[in-house]
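Undergrad: Build me a model from this:
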Amino acid sequence: MPSGRGVLVFAAGIALWAGARLLGSPTLHMVAVGLVLLPFAAALFARWTRQRLRIRRRISDTRVQPGQRVHVELEIENQAPAQTSFLLVEDRLPSQLGRSARLVVASLPSRGRQRVRYSLTPHQRGRYTLGPLTADLSDPFGLTKLRVEFDERDELVVAPEVEILGGGPDSPFGMTSGLALAKHLFRTGDEFYTMRPYVEGDDLRRIHWPSVARSGELMIRQDESTRKSTAVLFMDTRDAAVGQTHTPCFEKVVSVAASLGILLVRYGFSLKLATTQMSPQRVSEEGLLEVLAGVSHHTSRALSTGLTRLRMVAASDTTLVVAGAPPAPTELSSWLRVGAMFGPKVGVFVHPTDPDTLPPDRRAQLEGRASQARMSLSRSGWEIVVLPPSRRLRELWQVERTQPLVTSGS
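TA: Numbering: from 1, shown residues only. Alright, predicted model coming up:
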């Protein structure tokens, strides 16, 4: 589209053409025709130039935690044989990341490149898409404006906050059973056990090449004398229990799940993650953070579907870890039945609201519900930690490792 200057030049050309007709001046007539055609020639030049412009985006980190600064670099390359005018480049950002970045780039010579940078600080967990990019172009005379869109998109994953939790030499929960220790399959490591698909981090020397040739997939000989212990991490995502996405309770539960999951993986557990609406699936440390970055609340009030899925993966040598809100009295019996099918059991429960902000009667009701759940589950062999949304898990986790019974963190 023509700029204000282009409109003035076109109008001046028309007026000059009218004057040339009245005066009968061929020279003035030629000048007028040139002024009239100049904006159209500028528009054609801008359209031709846009096909020769390239913009690339580079992000300093593709996965960060809330509050961590991210640096974004845009590289603009002019592949046209002519110099460009000033450019206005805009990188569109989701509203949760702030206003879109607008950057002014000086004219680029032919085959020239220029890099511009900006930074952003995400404050909310989530998965965000950066882009597309747009650039406002014009001709060297500034007679026309043209907006070009580049479908250059990158994903930024803002993982939940992870608290580094300590643990003992055998088990991260301070239990004598030491479920983080390997389980023996055979007395020696020379006996063949089974084949399984390759998992990132496996010893490449254990690849069974004849099976690879037959199936076309990397297969590992499971003939070692040990294997990893298994843990199931369950996160309650019902909005009736933990609130909606980005509320303090829900985000604290996500952070608790991430912290416990990282602890389990780093202690050698083979981890499966399950939520109220997601069936248990095996995850690595990176996969855990990827999933939890995009997890959202679930509108269903029923817990039965999630518990049914847990029963399908239950085993006496599997550790169960639960992150959610203190169970209601009507849910305690269901949790006790499911817990009886697992080995060690750990529950970290977050109050839906900080008790210190409630009136005395509501605070007593909230703490009474948590105390009832803690007492019932502890008698069945659970280790329980209860904390408000404003409290850090690390503070209570370190304290409660030396105490047989967990107390409320309110």
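Undergrad: so what are the domain limits for this structure?
TA: Per automatic domain parsing, the structural domains of the chain span 4-50, 53-158, 194-226, 228-400.
Undergrad: roughly how far out does the second one sit from the chain middle?
TA: In this case it means domain 53-158. Centroid displacement of domain 53-158 relative to its chain, using Cα atoms, centre = their mean, to the nearest Å, is 21 Å.
Undergrad: if we can go back for a sec, just name the most buried of the domains of the chain.
TA: For these, the largest average neighbour count (mean count of other Cβ atoms under 10 Å) is found in domain 228-400, namely a mean of 19. In this view, the C-beta of every residue, glycine as well, is placed from N, C-alpha and C.
Undergrad: centre of the chain versus it, how much separation?
TA: In terms of Cα atoms, centre = their mean, the centre of domain 228-400 is set 20 Å apart from its chain centre.
Undergrad: show me where pLDDT drops low in the stretch 251-400 of the chain?
TA: By pLDDT under 70, the low-scoring segments of the stretch 251-400 of the chain are 398-400.
Undergrad: can you pull out the helices in it?
TA: In the stretch 251-400 of the chain, the helices defined using DSSP state H, counting those that start in this stretch lie at 285-293, 304-312, 329-339, 360-379, 393-400.
Undergrad: now those in CSV, with distance to V242?
TA: Listed next are the helices of the stretch 251-400 of the chain as CSV, based on distance: least, Cβ to Cβ, whole Å:
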stretch, distance to V242
helix 285-293, 13
helix 304-312, 13
helix 329-339, 13
helix 360-379, 14
helix 393-400, 15
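Undergrad: wait, which of those helices is closest to F349?
TA: Nearest to F349, of all the helices of the stretch 251-400 of the chain, is helix 360-379, at 6.6 Å by Cβ to Cβ.
Undergrad: Give me the helices and strands touching that closest one, please.
TA: Judged by 3 or more Cβ pairs under 8 Å, 6 or more residues apart in numbering; DSSP states H and E, helix 360-379 is in contact with helix 329-339, strand 345-350, strand 382-387.
Undergrad: what are the C-alpha coordinates of the last one, in CSV please?
TA: Presented in CSV, the C-alpha positions along strand 382-387 are these (Å, rounded to 0.1, in the frame of the first residue of the first chain):
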residue,chain,number,x,y,z
TRP,A,382,2.1,-44.1,53.8
GLU,A,383,4.6,-41.3,54.3
ILE,A,384,2.7,-38.0,54.2
VAL,A,385,3.7,-34.4,53.8
VAL,A,386,1.1,-31.6,54.0
LEU,A,387,2.0,-28.0,53.1
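Undergrad: okay, the angle between that strand and helix 360-379?
TA: Between strand 382-387 and helix 360-379, the angle comes out at 160 degrees (axes from the mean of the first three to the mean of the last three Cα atoms, to 10 degrees).
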